[in-house]
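Undergrad: okay, sequence plus prediction incoming.
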Amino acid sequence: MKRLFQWIVCSTRPMTVAELSLCLLAMNTKTGMLEEDNIIADLPDLAVLASGLLVVELALKDAESTVVVSHRSVQDFLVSTNAGDFKVDRESTIAHMSLVTLKFLILPDFGTVCESWEELSGRLSKFPFLDYAARFWPSHVMESGGMTPEALETMATLFMGSNFFPWLQVYKSNRSIPNHQTFHVDAKPLYWAARLGLKELVVRMLSLGTEINESGGFFGTALTMAAYNGDVPMVKLLLVNGADVNHRAGQYHTALQAAAFTGSEVIVNMLIDSGADVYARGGVFSTALIAAEKAGHQSIAKRLLDLGFEQPQRYETADKAEFLGTAILRRDIPVVRRIIEAGININDRLPGFSDWQKEEPGSGHSHYPLILAVSGGCLEIVKCIIDAGADLDVSDGYHGSALAYAAYRGREAIVRALLDGGANPLPRTHTYSGRGLPAYIKRIDAAEREKVGGGSKFYEVINMLTIENR
């Protein structure tokens with residue numbers, strides 16, 4: 001009876017009669033087997049056993065009806081000293097629930113992955129407690145504040161045995177989406193141990209011979225997963241145990257790119273101090289620097305930029321265009337000057353940087369430095385690039401040349417700088433190729449002018465162009 005109260009008071013969500021029946025009466029934690037003769041079949045039985053302290057909240061389907069305390073005061077009583085022998089101690093109860101759910105998941109009944117949704121649905125119906133055990137054992141383990149040696153060994157058995165993928169299949173399932181293929185096909189147990197933040201389990205798995213750099217899953221490796229989660233203790237643990245800081249796999253390619261995107265400066269610095277290659281290319285953002293810039297983590301972007309000058313040998317072999325593009329977007333005039341002085345072809349495209357339509361970095365679109373600088377709107381940077389020998393008539397993006405785009409945005413000072421530098425006053429444009437800039441500008445109606453922020457300045461630029469360059 002006391003166990004019944006413990007599960008109802010401490011469960012993560014309300015439990016059904018069938019779930020309580022399996023975990024209380026049918027699951028023998030000593031033998032690790034199900035005793036099917038002890039399963040309660042009728043909904044009212046548990047409520048009767050509890051002498052009216054519990055009620056069954058009926059659902060449309062009997063299997064979904066749950067057992068709850070009859071009143072909030074009952075739960076308050078059960079966790080107080082007034083409950084006497086029936087007092088529910090949350091810490092010890094959660095530890096017990098962790099062990100029961102884990103032992104349930106390593107039963108021989110769950111040793112194979114279901115090959116169809118019908119098979120998976122049938123398994124969940126036959127073993128009602130399976131859904132609760134699969135979904136909530138991690139939270140019970142974390143809430144318990146520590147795990148017993150028995151719980152740790154049971155966890156290791158689950159993760160390193162044939163029951164791992166069947167558990168993961170249920171854990172990732174969604175009953176509203178009938179699909180049995182619920183997890184990444186190459187998911188790895190260590191990756192998931194790191195994802196769930198289970199440090200003791202990671203240590204145990206490594207001691208049993210698990211490869212620390214095994215690749216699999218959306219994020220690729222356990223280290224990248226921990227870096228993305230911002231889990232400093234887990235990242236430190238994996239690095240101390242020999243994780244390859246430059247192992248490349250998964251959506252973000254490297255742990256550094258994942259950490260740069262999510263914004264953990266502590267982890268970024270840990271990875272750099274451990275030898276992370278800040279110039280590594282690949283993944284959704286191409287580099288860690290672009291990831292940091294895209295996510296708006298300015299201090300991380302500056303740290304990665306500065307490393308280019310702290311490591312001149314590596315900087316010489318790096319893609320300087322990436323550093324220049326990031327500095328332009330950040331309107332960082334001193335860094336732009338330093339990169340130009342260090343030597344760069346100012347007329348090379350900047351792959352991976354978005355254009356004025358704000359396409360995502362890494363989308364395949366690119367800009368010339370001059371057009372990106374015009375897009376950023378910083379006059380001093382535009383002048384730096386002009387002085388570095390930029391081709392003032394290069395054309396890319398929707399609006400064509402730098403001059404066309406500056407006029408479109410109503411940036412008179414930049415227009416004048418470009419004209420003074422020798423830009424063609426009647427450039428071809430992408431949209432109105434062959435008709436010249438004035439013809440292009442005149443086709444933009446007043447509403448569009450206001451939307452792009454030109455306002456009255458826009459008309460001044462039009463007049464300047466049409467009067468000065470007739």
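TA: That came in fine, so what should we check first? Numbers count the residues shown, from 1 in each chain.

Undergrad: how about the strands in the stretch 51-200 of the chain?
TA: 54-57, 66-69 (DSSP state E, counting those that start in this stretch).

Undergrad: check those strands for me: which has the lowest mean pLDDT.
TA: Lowest mean pLDDT within the strands of the stretch 51-200 of the chain: strand 54-57, at a mean of 63.

Undergrad: next up, the contacts around residue 380.
TA: Counting by Cβ atoms under 8 Å, 6 or more residues apart in numbering, residue 380 makes contact with residue 333. In this view, the C-beta of every residue, glycine as well, is placed from N, C-alpha and C.

Undergrad: which SS state does it fall under?
TA: helix (DSSP: H, G, I helix; E, B strand; the rest coil).

Undergrad: low-confidence ranges in the stretch 201-350 of the chain?
TA: By pLDDT under 70, the low-scoring segments of the stretch 201-350 of the chain are 308-319.

Undergrad: 50 instead?
TA: Confidence mapping of the stretch 201-350 of the chain against pLDDT under 50 gives the ranges 317.

Undergrad: what segments of it are strands?
TA: Taking DSSP E, counting those that start in this stretch as the test, the strands found in the stretch 201-350 of the chain are 350-351.

Undergrad: what ranges do the helices span in it?
TA: 222-229, 232-240, 255-262, 265-273, 288-295, 298-310, 312-317, 320-329, 333-342 (DSSP state H, counting those that start in this stretch).

Undergrad: switch the ones you listed over to TSV; also include distance to residue 163 and mean neighbour count.
TA: Output for the helices of the stretch 201-350 of the chain, formatted as TSV (distance: least, Cβ to Cβ, whole Å; neighbours: other Cβ atoms under 10 Å):
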stretch	distance to residue 163	mean neighbour count
helix 222-229	20	29
helix 232-240	23	19
helix 255-262	29	30
helix 265-273	32	19
helix 288-295	36	27
helix 298-310	40	18
helix 312-317	46	11
helix 320-329	45	25
helix 333-342	53	17
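
Undergrad: gap between the residue nearest the centre of the chain and residue 261?
TA: Computing the C-alpha centroid of the chain and ranking residues by Cα atoms, centre = their mean puts residue 228 first, at 6.0 Å. The gap separating residue 228 from residue 261 is 8 Å, by Cβ to Cβ, to the nearest Å.

Undergrad: overlap of the contact sets of these two?
TA: The contact sets of residue 228 and residue 261 overlap at residue 252 (Cβ under 8 Å, 6+ apart).

Undergrad: report the contact partners of the residue nearest to the centre of the chain.
TA: 219, 252, 258-259, 261-262.

Undergrad: between the residues you listed, which sits nearest residue 195?
TA: When the contacts of residue 228 are ranked by distance to residue 195 (Cβ to Cβ), residue 219 comes first, at 8.0 Å.

Undergrad: can you give me the neighbour number for the closest one?
TA: 25 (other Cβ atoms under 10 Å).

Undergrad: could you do residue 133 as well?
TA: Count around residue 133 with other Cβ under 10 Å applied: 27.

Undergrad: same thing with residue 221?
TA: Quick note: residue 221 (other Cβ under 10 Å) scores 28 neighbours.

Undergrad: what of residue 139?
TA: Residue 139 has 15 neighbouring residues, counting by other Cβ under 10 Å.

Undergrad: equivalent analysis for residue 391, please.
TA: For residue 391, the count of nearby residues is 13 (other Cβ under 10 Å).

Undergrad: that one and residue 342, how far apart?
TA: According to Cβ to Cβ, residue 391 and residue 342 sit 20 Å apart.

Undergrad: now do residue 203
TA: Computed as Cβ to Cβ, the residue 203 to residue 342 distance reads 45 Å.

Undergrad: likewise for residue 146?
TA: 53 Å.

Undergrad: so where is the stretch 51-200 of the chain shaky, pLDDT-wise?
TA: Checking the stretch 51-200 of the chain against pLDDT under 50 turns up nothing.

Undergrad: what do you get if the cut-off is 70, keeping everything else the same?
TA: By pLDDT under 70, the weakly predicted segments of the stretch 51-200 of the chain are 51-63, 70-71, 74, 77, 79, 83, 86, 175, 183-185.

Undergrad: what's the answer for the stretch 351-470 of the chain, then?
TA: Residue ranges of the stretch 351-470 of the chain with pLDDT under 70: 351-366, 397-399, 426-470.

Undergrad: again, only using 50
TA: 355-365, 431-436, 440, 443-447, 451-458, 466-470.

Undergrad: nearest spatial neighbour of residue 324, skipping sequence neighbours?
TA: Excluding the flanking residues, the one nearest residue 324 by Cβ to Cβ, 6 or more residues apart in numbering is residue 339, at 4.9 Å.

Undergrad: hang on, the one you found packs against residue 325?
TA: No - look at residue 339 against residue 325 with Cβ atoms under 8 Å: they stay out of range, at 9.8 Å.

Undergrad: what about the residue nearest to the centre of the chain, distance to residue 257?
TA: In this view, residue 228 and residue 257 are 9 Å apart by Cβ to Cβ.

Undergrad: could you dump stretch 233-249 to PDB, C-alpha only?
TA: Taking Å, rounded to 0.1, in the frame of the first residue of the first chain, the C-alpha atoms of stretch 233-249 are listed here in PDB:
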ATOM      1  CA  PRO A 233      31.000  19.100 -16.500                       C
ATOM      2  CA  MET A 234      30.300  16.600 -19.300                       C
ATOM      3  CA  VAL A 235      32.500  18.400 -21.800                       C
ATOM      4  CA  LYS A 236      35.300  18.500 -19.200                       C
ATOM      5  CA  LEU A 237      34.800  14.800 -18.400                       C
ATOM      6  CA  LEU A 238      35.000  13.800 -22.100                       C
ATOM      7  CA  LEU A 239      38.100  15.900 -22.800                       C
ATOM      8  CA  VAL A 240      39.900  14.500 -19.700                       C
ATOM      9  CA  ASN A 241      39.100  11.000 -20.900                       C
ATOM     10  CA  GLY A 242      40.600  11.600 -24.400                       C
ATOM     11  CA  ALA A 243      37.800  12.800 -26.600                       C
ATOM     12  CA  ASP A 244      39.200  14.200 -29.900                       C
ATOM     13  CA  VAL A 245      38.400  17.900 -29.900                       C
ATOM     14  CA  ASN A 246      38.600  18.000 -33.700                       C
ATOM     15  CA  HIS A 247      36.600  14.900 -34.500                       C
ATOM     16  CA  ARG A 248      34.300  15.900 -37.400                       C
ATOM     17  CA  ALA A 249      30.800  14.500 -37.700                       C
END
